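Engineer: 3D, please:
(2 chains)
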Amino acid sequence: MDSNLRREIILDNYQDPMNRGLIEDESYMKVNTNSESCIDNLDFMMKIEDGIVKDIRFDGEACAISTSATSIMIRSLIGKKVEEVNLIIDNYRKMINEEEYDSEILGELNVYDEICKQPNRKNCALLPSVAIREMLEEKKDD
Amino acid sequence: MHREDFTMLDNDIVFFDNGATTLKPKCVVNSVIDYYTKHTSNIHRGDYDAAIKTNKLYDDTRVVVSKFINSDSDEVIFTSGTTMSINMVVFGYMEKVLNKGDEVLLTKSEHASNVLPWIKLSEKKGIVIKYMELDNDYSLTVESVRKSITDKTKVISIAHVTNVIGDVRDIESIGKICKEKDIYFCVDGAQSVPHMKVDFKNSNIDFLSFSGHKMCGPTGVGCLVLKKKYLNDMEPLCYGGGMNNFFEEDNSYELKKGVTKFEAGTPAIAEVIGLREAILYLENIGIDNIHKHEMELKKYLVSELKNIPNIKIYNENSESGILAFNIDGVFAQDSSIYLNNYNIYVRAGNHCTKMLKDEIGVKNTVRVSMYLYNDKNDVDKLIEVLKNSEDIFKIVI
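Structural biologist: Numbers count the residues shown, from 1 in each chain, chains lettered A, B, ... in the order given. Predicted structure coming up:
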């Protein structure tokens, strides 16, 4: 991907992220996540109905990479079945961790395919996937 | 000053993260290498030459520390650092002598290590924590201390210099008040002992904590300096070798009387020896010279930063080498990643002062913290990079 386009997508999502702001609704699951290695601290909430992710929202303070990755991931996951969401998260994590992955299903999330060049930012990019996975696990336990 | 003594600076970096830890001069590194290559041995147990040398250096460190901060050498306990020192005070002594309803005065700009142990003690014993008011510069005035004291106040526990705002508390006056009112005075010296003269006796400090690695010494060693009268009643948090006189089958035992009661097990010998060398190094430069140098740099940094319109400074008036700022519209961590691109090392975050946000209205800041080896060139490099920060996202994304 062209580096200017990549930067533009990330910056757009950082400056005007999707679904920023939490709402009062008991039907959502909630989780707070903060990274061990950086100072990002985001609250997430997600609604799953009939095996489909209906909505994900977030709020808090985080860097450009965490915030934009959260925004792009939210856009990529809303409307998907839980199994598809798990598959996307698995492949996204593999991409960040420099393992073999399927880029086809990642869509816009591919903008982070070079984040491994900045190892200290991997956790920033992974932050939304950690939060969403935690909520999915919680749902599985219900 | 003395940049040639620090090998790390050969890498052409600007090291502005001295509040977190400091660089080590060659003499300190060499003293540690000497221990590991020439006189490795345990303390207090060997009669051979290497052990005698190690013993001598280890024991002499107490003397060196005590002269540096004006205490007696038998009031100096070696710990793993400030955090451990404060935990020893809270759970080894205060837990024993404080009662339900007793008040402990802190501030919201204290480091986590001077807040969380007290919160835990309030859970255990029902003590009451109160936060003294800060002024418009987020500093603690003596007046505010006076106003906060009630007849239930038993402890004042504060940093001498805070680690984000960098305000210097008038510990001599506060110590005097504590003496008058019979209040325990605990001082977190992590950010002051390395940078300015701290006088344990004249400030009437009961418990003084600090770390070696923030004063050119090794990591893993620090000190708790306490008035002798507390040694008997304070309980060790750790039991084992080196701190007892005897123990028997019938469960009888006797602990040592002095500071070694609090140093169970093999201590951080290499680190203690390195700390000795670090203090001698600082004494040779002169602690007042170090403070003066940092203040000149801070003044210069503030005057230059003020010419950059998109920078917000949070603590321009504090009398230490610490400066907290943000670039408008940029998350602190993105700013520090940007600066790293130019080999400028700063810290971004809440700096373990998670309650300070209530006072300054922002959770995270970029912190520049200076030391003896920083110079005007370092400041100029930072200013230059900050002036050109309109392209920051080209760098950090």
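
Engineer: Look up the pLDDT of the residue nearest to the spatial centre of chain A for me, please.
Structural biologist: With the centre of chain A defined as its mean C-alpha position, the nearest residue by CA atoms, centre = their mean is A:Pro128, 3.4 Å away. The predicted structure scores A:Pro128 at 95 on the pLDDT scale.

Engineer: Which secondary structure state does the closest residue to it other than its chain neighbours sit in?
Structural biologist: Beyond its immediate neighbours in the sequence, the residue positioned closest to A:Pro128 (CB to CB, 6 or more residues apart in numbering or on different chains) is A:Thr70, lying 4.1 Å away. Every C-beta, even on glycine, is put in place using the N, C-alpha and C of the backbone. A:Thr70 falls in the helix class when you classify it by DSSP: H, G, I helix; E, B strand; the rest coil.

Engineer: Would you mind confirming that A:Thr70 is in contact with A:Pro17?
Structural biologist: Yes - contact criterion CB atoms under 8 Å: A:Thr70 and A:Pro17 qualify, at 6.6 Å.

Engineer: any shared contact partners between the two?
Structural biologist: Overlap between the neighbourhoods of A:Thr70 and A:Pro17 consists of A:Phe58, taking contacts as CB atoms under 8 Å, 6 or more residues apart in numbering or on different chains.

Engineer: ok, back up a step: can you get me a residue count around the residue nearest to A:Pro128?
Structural biologist: As a burial measure, the neighbour count of A:Thr70 was computed by other CB atoms under 10 Å in any protein chain shown and equals 33.

Engineer: outside of the least confident helix or strand in chain B by mean pLDDT, which residues touch it?
Structural biologist: For chain B, the helix or strand with the lowest mean confidence is helix B:357-360, at a mean of 78 (criterion: mean pLDDT, DSSP states H and E). Judged by CB under 8 Å, 6+ apart, the contacts made with helix B:357-360 from elsewhere in the structure are B:Lys108, B:Ser109, B:Leu134, B:Tyr138, B:Ile165, B:Tyr314, B:Asn350, B:Lys363.

Engineer: One more: stretch B:376-390?
Structural biologist: Residues outside stretch B:376-390 that contact it (CB under 8 Å, 6+ apart): B:14-16, B:297, B:300-301, B:304-305, B:307-308, B:310-311, B:327, B:330, B:335, B:338-339, B:342, B:344, B:368, B:370.

Engineer: If we use 6 Å, what do you get?
Structural biologist: Residues outside stretch B:376-390 that contact it (CB atoms under 6 Å, 6 or more residues apart in numbering or on different chains) are B:Val14, B:Tyr300, B:Leu301, B:Glu304, B:Ile308, B:Ile327, B:Tyr342, B:Ile344.

Engineer: Check stretch A:54-66 too.
Structural biologist: Contact partners of stretch A:54-66, identified using CB under 6 Å, 6+ apart, comprise A:14, A:19-22, A:40-47, A:70, A:74, A:121, A:124-125, A:127, B:331, B:333-334, B:363, B:396-397.

Engineer: mind listing which of those are in helices?
Structural biologist: When DSSP state H defines the helices, the subset of the contacts of stretch A:54-66 inside them is A:Tyr14, A:Thr70, A:Ile74, A:Cys124, A:Ala125, A:Leu127, B:Gln333, B:Asp334, B:Val396.

Engineer: B:Ile337 - how many residues pack around it?
Structural biologist: Taking other CB under 10 Å as the definition, B:Ile337 ends up with a neighbour count of 23.

Engineer: quick one, what contacts it?
Structural biologist: B:Ile337 is in contact with B:Val396, counting by CB under 6 Å, 6+ apart.

Engineer: Torsion angles phi and psi at it?
Structural biologist: Torsion angles at B:Ile337 (phi, psi; degrees, to the nearest 10) stand at phi -70, psi -40.

Engineer: okay but A:Asp43 is in contact with A:Asn32, surely?
Structural biologist: Yes - counting by CB atoms under 6 Å, a contact exists between A:Asp43 and A:Asn32, whose distance comes to 5.0 Å.

Engineer: If you count neighbours, what's buried in the helix or strand containing A:Ala131?
Structural biologist: Secondary structure assignment for A:Ala131, by DSSP states H and E: helix A:122-141. Neighbour-count burial for helix A:122-141, with 16 or more other CB atoms under 10 Å in any protein chain shown as criterion, is recorded at A:122-136.

Engineer: Fine, thanks again, bye for now.
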